[in-house]
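Chemist: pasted the sequence and its predicted model underneath.
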Amino acid sequence: MTSHSPISSASTSSSFPASSSPHTSSTRSSTTSTSPPSTASSLTAFSHSGSNPSHQASKKLPFPTIRLINDDHEKSLPGRGAGVGPTSSIHARTSSLGRYGWRKRRARSQTLMFLGVLGIVGLWLGRNDLPGYLGIGNQPDPLAPKQHESNLSNLPGVIIGANGEFLGSSMTELPTSHNVYKLGSLFLPDYEAQLSEFATVAFPKGTTERLKDGLKRYLDTTTEDTRKDWDEYKRVWQTDKDTRHSDSSEVESWRGSLARDEGWSWDLLTDQQADDWVSKSLGGSRIKMMWDNLPSGILRSDTLRYLLLLLEGGIYSDTDTILHKSPSLFGRGAKLWRDGDGWLDERSQKRISAGEDIDMVIGKPSVIVGVEADVGSREDWFDWWPRPIQIVQWTMATAPNHPISLSAVLRVLHSTADAVEWSHVHATHIRQLKELGRYDDSNNLLHTTVLAEPKGGGPLGVMAWTGPGVWTDAVLSYLRVKFGMTWTDLKGIRTPLRVGDVVILPGQP
């Protein structure tokens, strides 16, 4: 797997001041070695350019920030032995999942270790014990094509019949835009009930009460005046393995005067500090148990940012990004989605149409996110992005206890349950192949790890387990049940868009 810039452009211009520095490109998708094509996204202030000649395109993202990874960081990542830990944002974007220590001579023992760990966590992460599990997937779509049904056991490259006979090679179904988003329930009462149950069973008691108050605050239309502003708790969160890069120019941009002069504090959690924070905040809970058993640093890095925003609020940004504008300017100039029709009262619409400031009429937003990818009409989008419209999770800002962040954590828990189920089936297939005397196939299958992409035989892939796919679905499900917005409403946006308590920043063409 190599790293690619999902949104490419030769230009670094943007309506926000931004610059770029050499780096190796971001890595989450398992794709070919060529750089991805440009997408038709719009406005941005993130940029990303590659020092590798094969990665010279620049990446445009929507916050007044620029992300980069320096070459010396990349050179320190041959595997876990290089010292990259679970919360390192650099670690989350290495050029290959193979660099997580999956050396051939240790593949068997490491795979079995992961299967064993996930088997243990499966004792408490069973599907029937997860709140609202069936509701987290897509609702039945009467227009969707019928899925092919088969009683065969699917293996990567192998199909075994009910009696263990070899039947041929399996095929991977390509994703389509109608089934790729996992929005869950499309009805607000069901959405709220699911998150409320999750808050009850997965978090410590004191935290549960705060999360339920948040659900009422943001989902009850009669209490919208009690919403929290996205910047009410002025904290900038970053994570890394240790403090070696805390004095870098990228980190200094977040710690410096642009944010500090507006009253923002800055915190960088090292791996040990992240463990301590989770233990203190979530000790004895299911979330803490899930955290302890996540088998990869990438998964922890993603999960930690959702938890920080959920429980503390503020801004999260990776340590390889640069802040170029004061946080108070995030989302300035936003336009009402559909001019407020269908979701905003007529009196407020008239006031805004007459020229009053949106924030003065309906309050500041509680969440600010941005579009990372808009694939336009590309038919091969799934080679580069997990979603045709994808939301940035390298930099995002929310008030604490918001349903979007809670939904993201719930989705991580459900994804982990899927990985647990896959690990049991995977171990069974390996055993079946050995019993049939097909040792080469068994050994080949053993090299397929729980972190592998589905097209490589894995259960989910990092992008869908904890990455941008999870955050995108969490954002879009909230917008759908609360305001009726669908993912297609975000295609081709050119200016910041205000939808209720959420601002969506566009990308860069």
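Modeler: Cool, got the structure.
Chemist: which parts of the stretch 401-509 of the chain are strands?
Modeler: Counting by DSSP state E, counting those that start in this stretch, the stretch 401-509 of the chain has strands at residues 497-499, 502-505.
Chemist: just checking: what are the partner strands of the longest one?
Modeler: It refers to strand 502-505. Its sheet considered, strand 502-505 pairs with strand 367-374 (parallel), strand 497-499 (antiparallel) by DSSP bridges.
Chemist: please identify the most buried of the ones you listed.
Modeler: strand 367-374 (a mean of 26; mean count of other CB atoms under 10 Å). The C-beta positions use only the backbone N, C-alpha and C, and glycine is treated the same way.
Chemist: just to revisit the earlier point, any chance of CSV for the strands of the stretch 401-509 of the chain, columns mean pLDDT and distance to residue 387?
Modeler: Formatted as CSV, the entries for the strands of the stretch 401-509 of the chain read as follows, by pLDDT from 0 to 100; distance: least, CB to CB, whole Å:
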stretch, mean pLDDT, distance to residue 387
strand 497-499, 97, 17
strand 502-505, 96, 14
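Chemist: okay if I get those as TSV plus distance to residue 455?
Modeler: TSV is the format used below for these (distance: least, CB to CB, whole Å):
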stretch	distance to residue 455
strand 497-499	33
strand 502-505	30
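Chemist: so which of those strands gets nearest residue 309?
Modeler: Of all those, it is strand 502-505 that lies closest to residue 309, at 13.5 Å by CB to CB.
Chemist: picking up where we left off before, of all the strands of the stretch 401-509 of the chain, which lies closest to residue 363?
Modeler: Each of the strands of the stretch 401-509 of the chain was checked against residue 363 via CB to CB, and the shortest separation belongs to strand 497-499, namely 10.7 Å.
Chemist: the stretch 301-450 of the chain: helices as residue ranges?
Modeler: Ranges of helices in the stretch 301-450 of the chain, per DSSP state H, counting those that start in this stretch, are 346-353, 358-362, 403-435, 439-446.
Chemist: redo those helices as CSV? Include mean pLDDT.
Modeler: Supplementary listing: these in CSV, determined by pLDDT from 0 to 100:
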stretch, mean pLDDT
helix 346-353, 95
helix 358-362, 95
helix 403-435, 92
helix 439-446, 88
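Chemist: to residue 463, which of those lies closest?
Modeler: helix 403-435 (10.6 Å).
Chemist: list the buried residues in the closest one.
Modeler: Residues 403-423, 426-427, 429-430, 432-433 are the ones in helix 403-435 that count as buried (16 or more other CB atoms under 10 Å).
Chemist: do the same with stretch 209-217
Modeler: Burial within stretch 209-217, assessed by neighbour count using 16+ other CB under 10 Å, is assigned to 211-212, 214-215, 217.
Chemist: now do residue 491 against residue 336, distance only.
Modeler: Taking CB to CB, to the nearest Å as the measure, residue 491 falls 18 Å from residue 336.
Chemist: so which of the strands of the stretch 401-509 of the chain gets nearest residue 251?
Modeler: Among those, the nearest to residue 251 by CB to CB is strand 502-505 (22.1 Å).
Chemist: contacts for that closest one, please.
Modeler: Strand 502-505 is contacted by residues 43-44, 62-63, 330-331, 334, 365-371, 391, 404, 475, 478-479, 490, 493, 496-497 when judged by CB atoms under 8 Å, 6 or more residues apart in numbering.
Chemist: at 7 Å instead, please
Modeler: Outside strand 502-505, the residues that touch it by CB atoms under 7 Å, 6 or more residues apart in numbering are 62-63, 331, 334, 365, 367-371, 479, 490, 496-497.
Chemist: ok, now stretch 203-217?
Modeler: Residues outside stretch 203-217 that contact it (CB under 7 Å, 6+ apart) are 192, 195-196, 199-200, 223, 226-227, 282, 284-285, 287, 311, 401-403, 406.
Chemist: buried ones only from the residues you listed, please, as a PyMOL command.
Modeler: Listed next is the PyMOL selection for buried residues among the contacts of stretch 203-217, using 16+ other CB under 10 Å:
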select buried, resi 192+195+196+199+227+282+285+287+311+401+402+403+406
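Chemist: inside helices: which ones of the contacts of stretch 203-217?
Modeler: 192, 195-196, 199-200, 282, 287, 311, 403, 406 (DSSP state H).
Chemist: closest one of those to residue 448?
Modeler: Closest to residue 448, out of all of those and judged by CB to CB, is residue 287, at 27.9 Å.
Chemist: and the closest one, how far from residue 243?
Modeler: Looking at residue 287 against residue 243, where the rule is CB to CB, the gap reads 26 Å.
Chemist: now stretch 449-465: average pLDDT?
Modeler: In this model, stretch 449-465 has a mean pLDDT of 86.
Chemist: that one: end-to-end distance?
Modeler: The distance separating the two terminal residues of stretch 449-465, taken as CA to CA, to the nearest Å, comes to 14 Å.
Chemist: and that stretch, what's buried?
Modeler: Along stretch 449-465, the positions that meet the burial threshold by neighbour count (16+ other CB under 10 Å) are 449-465.
Chemist: for residue 260, which non-adjacent residue is closest in space?
Modeler: Once flanking residues are discounted, residue 260 sits nearest to residue 266: 7.5 Å by CB to CB, 6 or more residues apart in numbering.
Chemist: three-state assignment of that neighbour?
Modeler: Here residue 266 is strand, with the state taken from DSSP: H, G, I helix; E, B strand; the rest coil.
Chemist: just to check, it is in contact with residue 246?
Modeler: No: with the criterion set as CB atoms under 7 Å, residue 266 and residue 246 do not qualify as a contacting pair; they are 9.7 Å apart.
Chemist: and those two? Which one has more around it.
Modeler: Under the neighbour definition other CB atoms under 10 Å, residue 266 and residue 246 were set side by side, and residue 266 has more, 19 against 15.
Chemist: and that one, bridged to which residues?
Modeler: Under the criterion DSSP bridges, residue 266 forms beta bridges with residue 236.
Chemist: residues touching it, list them.
Modeler: Shown here is residue 266, whose contacts under the criterion CB under 7 Å, 6+ apart are 236, 254-255, 259.
Chemist: relative to residue 186, how far out is it?
Modeler: According to CB to CB, residue 266 stands 39 Å off from residue 186.
Chemist: go on, residue 302?
Modeler: In this structure, residue 302 lies at 26 Å from residue 186, with CB to CB as the measure.
Chemist: just residue 219 next, same as before
Modeler: Distance check for residue 219 against residue 186: by CB to CB, it reads 14 Å.
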